[in-house]
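# Mind folding the following:
(2 chains)
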Protein chains: 2
Amino acid sequence: MRICLIGAGNVATQLGIALREKGHQIVQVWSQTSKSAARLSEILKAPYTTELNSLVSDAEIYILAVKDYAIEPILASHNWGQNLVVHTAGSIPISVFEDHCTNFGVFYPFQTFSVNKKVSFDNLPLCIEANSKKNLNNLFKLASTLSYFVRQYDSVQRQQLHLAAVFACNFVNHLYFVGNELLEEKGIAFEILIPLILETASKVISQNPKSAQTGPAVRNDEVTLNKHLELLKDKPDLQTIYNQISKRIIETYK
Amino acid sequence: MRICLIGAGNVATQLGIALREKGHQIVQVWSQTSKSAARLSEILKAPYTTELNSLVSDAEIYILAVKDYAIEPILASHNWGQNLVVHTAGSIPISVFEDHCTNFGVFYPFQTFSVNKKVSFDNLPLCIEANSKKNLNNLFKLASTLSYFVRQYDSVQRQQLHLAAVFACNFVNHLYFVGNELLEEKGIAFEILIPLILETASKVISQNPKSAQTGPAVRNDEVTLNKHLELLKDKPDLQTIYNQISKRIIETYK
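Numbering: from 1, shown residues only, chains lettered A, B, ... in the order given. Next up, the predicted model:
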């Protein structure tokens, strides 16, 4: 497909690279700043613009991979005519397009992206939604060239997917960071945590997270729980988090 | 080495299997109940007992892989003579041995174990501590037959390791469980979270968790944070956890 990519952040970069590798043509890249537009243009070997009114008119799909708050202003600043326009955001409902576009949808890659870390799209869940059967079919075709894992979800489900990802990815990463902080304090390098982190993640492939739970809270081991709270006595924020999650684990297995 | 394994839970099982695979001889297994003792005895092709006073006297090392609260009572219930005795617990200081043994130490495998999931020991961090140079050397030799990753840590460091593991493993697993709960509510199967969970874990091999952080809190995206809190309005426990971790992420990147 001939694709116009609007945005130049983590998602735009990784999605653009994957699309290009699968033989799609990135016909244009837009970003607000010429620096980031030029950077992605270089990576994707595609011309760039920083002006919405210089967007090509003949792309087969316009993918908005921009920050949530930028979606509506961009939609409102351009005449999209009959073009198919999608966004890539978990928490923005499809209704955001209604006043601005005729053919529209959502193309939400359910993954965490960094600008500099390449991500495999082969089994990356792509969640699609569209305002018509025809547009949905087009999105399904495009998604299927990238991944084996394509699902249709509505805006309510997608919002919940995003919320689940905050817990299972963003908060998880912060807990890795907390682990690192605690170890640094005692002169222990982070690398010692890596086998544990990888095993904890890989465990939930073969068993569900309920049965995979280990640790003092699931055993309701009050002696250890209290020892840990004592170790955290000068870190009230961590003490609160420790308490809240432990309580919830104890409740879950009661 | 000729090893007497005291305990038959997750750690005893996986450690026993690994020791046997590396050519060590499990000369005896002890467990309080004959059912669990017989189960592990069958796996390790070793005789078992449920009586502490029937322990063999000529093992080269006695490994106590039992629940934290059981360590001291077991130590107090047997005459260990000059035998080398170790425990495998993160949160129990080496001083627990002082009134009961002459030669002692700690052999703490820094990993999460399930009875039924085999774990690779090759790069599993083994944290050792001992009451003498000679005992430390023996523990180092034994540990080195199992893993490339052997480190000497004192009881204060080991306690902090255990605390870090609660955040980076036990709490992480509970957040996977929360993700699963939220998705189930909207009829979405857990498998969609797996690529995200694996990518989040594998990211911290190549970059530190501070720079790997993504999501609404690190962007201080108040619109999304408020949307999520609203979605959690009937789940006050999750709302509290959401708030506390988000606040800490915002503080960390301010």
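
# so does stretch A:27-42 get close to chain B?
No: applying C-beta under 8 Å from any C-beta of the partner chain, one finds stretch A:27-42 out of contact with chain B, separated by at least 16.0 Å. (Each C-beta comes from the backbone N, C-alpha and C, glycine too.)

# and that stretch, average pLDDT?
Averaging pLDDT along stretch A:27-42 yields 97.

# got the buried residues for that stretch?
A:27-32, A:36-37, A:39-41 (16 or more other C-beta atoms under 10 Å in any protein chain shown).

# same question, stretch A:135-152
By neighbour count on 16+ other C-beta under 10 Å, the buried set for stretch A:135-152 is A:135, A:138-139, A:142-143, A:146-147, A:149-151.

# among the residues you listed, which are in reach of chain B?
Near chain B, by the rule C-beta under 8 Å from any C-beta, you find A:149, A:151 out of the buried residues of stretch A:135-152.

# ok, the residue of chain A positioned farthest from its centre - contacts?
Farthest-out residue of chain A from its mean C-alpha position, per C-alpha atoms, centre = their mean: A:V223, at 38.8 Å. By C-beta atoms under 8 Å, 6 or more residues apart in numbering or on different chains, A:V223 lies in contact with B:68-69.

# Checking it next. Helix, strand or coil?
Following DSSP: H, G, I helix; E, B strand; the rest coil, we place A:V223 in the helix state.

# Model confidence at it, what's the number?
Per the predicted model, pLDDT is 94 at A:V223.

# out of the buried residues of stretch A:135-152, which are inside helices?
Within the buried residues of stretch A:135-152, residues falling in helices by DSSP state H are A:135, A:138-139, A:142-143, A:146.

# Output these in TSV, with distance to B:H162 and pLDDT appended to each entry.
Formatted as TSV, these follow (distance: C-beta to C-beta, whole Å; pLDDT from 0 to 100):
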residue	distance to B:H162	pLDDT
A:N135	53	98
A:N138	53	98
A:L139	48	98
A:L142	48	98
A:A143	44	98
A:L146	42	97
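
# and of those residues, the nearest to chain B?
Lowest distance from chain B to those (C-beta to the nearest C-beta) belongs to A:L146, with 12.7 Å.

# Could I get the full set of strands for chain A?
Assigned by DSSP state E, the strands in chain A fall at A:2-6, A:25-30, A:48-49, A:61-64, A:84-87, A:103-109, A:126-130, A:150-152.

# wait, does the lengthiest helix in chain A contact chain B?
Longest helix in chain A by number of residues, with DSSP H as the criterion: helix A:236-253. Yes: Helix A:236-253 comes into contact with chain B (C-beta under 8 Å from any C-beta), by way of A:237-238, A:240-242, A:244-245, A:247-249, A:251-252.

# Please look at A:A38 and A:Y48 and confirm they touch.
Yes: contact criterion C-beta atoms under 8 Å: A:A38 and A:Y48 qualify, at 6.2 Å.

# Not counting sequence-adjacent ones, nearest residue to A:A165?
With sequence-adjacent residues excluded and distances taken as C-beta to C-beta, 6 or more residues apart in numbering or on different chains, A:A165 is closest to B:L196, at 5.9 Å.

# Just the pLDDT at that neighbour, thanks.
Looking at B:L196, its pLDDT is 96.

# For it, give me its contacts.
By C-beta under 8 Å, 6+ apart, the contact set of B:L196 is A:110-112, A:125, A:165, A:168-169.

# quick check, nearest of those to B:I92?
Using C-beta to C-beta, A:A168 comes nearest to B:I92 of those, at 31.7 Å.

# Send over stretch A:66-81 as CSV, restricted to the C-alpha atoms.
C-alpha atoms of stretch A:66-81 as CSV (Å, rounded to 0.1, in the frame of the first residue of the first chain):
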residue,chain,number,x,y,z
VAL,A,66,1.1,11.0,17.2
LYS,A,67,0.5,11.8,20.8
ASP,A,68,-3.1,11.3,21.9
TYR,A,69,-3.8,15.1,22.4
ALA,A,70,-2.5,15.9,18.9
ILE,A,71,-4.9,13.6,17.1
GLU,A,72,-8.0,15.8,17.0
PRO,A,73,-6.2,19.0,16.2
ILE,A,74,-4.5,17.3,13.2
LEU,A,75,-7.7,15.8,12.0
ALA,A,76,-9.4,19.3,12.2
SER,A,77,-6.5,21.0,10.4
HIS,A,78,-6.7,19.2,7.1
ASN,A,79,-9.3,18.2,4.5
TRP,A,80,-9.1,14.4,4.2
GLY,A,81,-11.8,14.0,1.6
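
# in it, what's buried?
Neighbour counts over stretch A:66-81 (16+ other C-beta under 10 Å) mark A:66, A:68, A:71, A:74-75, A:78, A:80 as buried.

# I'd like the residues you listed written out as JSON lines, with distance to chain B and pLDDT added.
Output for the buried residues of stretch A:66-81, formatted as JSON lines (distance: C-beta to the nearest C-beta, whole Å; pLDDT from 0 to 100):
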{"residue": "A:V66", "distance to chain B": "12", "pLDDT": "96"}
{"residue": "A:D68", "distance to chain B": "6", "pLDDT": "93"}
{"residue": "A:I71", "distance to chain B": "11", "pLDDT": "97"}
{"residue": "A:I74", "distance to chain B": "16", "pLDDT": "98"}
{"residue": "A:L75", "distance to chain B": "16", "pLDDT": "98"}
{"residue": "A:H78", "distance to chain B": "22", "pLDDT": "96"}
{"residue": "A:W80", "distance to chain B": "24", "pLDDT": "97"}
